[in-house]
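1. following is a predicted model, sequence given first.
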Amino acid sequence: MYSQTCGTSFEKCRVSPCLILFTPANMKKLFVLLAFAGVASAASAVDLAGNTGKVNVSMCIGCHGIPGYKATYPEVYQVPMLGGQSEKYIENALKAYQKGERKHPSMQGIAASLSDKDIAALAAYYSQQK
């Protein structure tokens, strides 16, 4: 497997550019990206009981909905399950990511996109799950 370019321009290279571009590291990144895209498109918004609006839990399911899931970015760690966590804990955690008090890049980006109403709805939904 080729992990670096051979120094020759792609036009003159005798090795397929695909073999150069799709290194094991790049393939891993591509796989993760496609997996997240698939989960996001397949999951639908969930209507919360007692809530007139809908909350989109698809952004959470990709990591937090898989028992025993381990993420590898920015380091390998065990992803916590959200179901059954207390409502207040989930709200506080998401607000801490928004403020930068918790330091996970993916979670900071997701939390930044949530309104206070979204956070309350997500916390209410996941506190009712098991």
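-> That came through fine.
2. all contacts plus neighbour counts: C-alpha atoms, from now on.
-> Fine.
3. give me the element Tyr125 is part of.
-> Assigned by DSSP states H and E, Tyr125 belongs to helix 116-128.
4. as CSV, could you dump the C-alpha coordinates of that helix?
-> The C-alpha trace of helix 116-128 is given here as CSV (Å, rounded to 0.1, in the frame of the first residue of the first chain):
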residue,chain,number,x,y,z
ASP,A,116,-31.4,26.3,25.1
LYS,A,117,-34.7,24.8,24.0
ASP,A,118,-32.9,22.1,22.0
ILE,A,119,-30.8,21.2,25.0
ALA,A,120,-33.8,21.0,27.3
ALA,A,121,-35.6,18.7,24.8
LEU,A,122,-32.6,16.4,24.2
ALA,A,123,-32.0,16.2,28.0
ALA,A,124,-35.7,15.4,28.6
TYR,A,125,-35.7,12.7,25.8
TYR,A,126,-32.5,10.9,26.9
SER,A,127,-33.4,11.0,30.6
GLN,A,128,-36.5,9.0,29.7
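5. average pLDDT across it?
-> Mean pLDDT, helix 116-128: 93.
6. same check on stretch 75-86?
-> Rounded mean pLDDT across stretch 75-86 is 85.
7. and the contacts of it?
-> Contacts with stretch 75-86, where a contact means Cα atoms under 8 Å, 6 or more residues apart in numbering, come from 63-71, 90, 123, 126-130.
8. now stretch 123-130
-> Leu48, Leu82, Gly83, Gly84, Gln85, Ser86, Glu87, Lys88, Ile90, Glu91.
9. which of the residues in it are buried?
-> Ala123, Ala124, Tyr125, Tyr126, Ser127 (16 or more other Cα atoms under 10 Å).
10. this completes my enquiry, with thanks.
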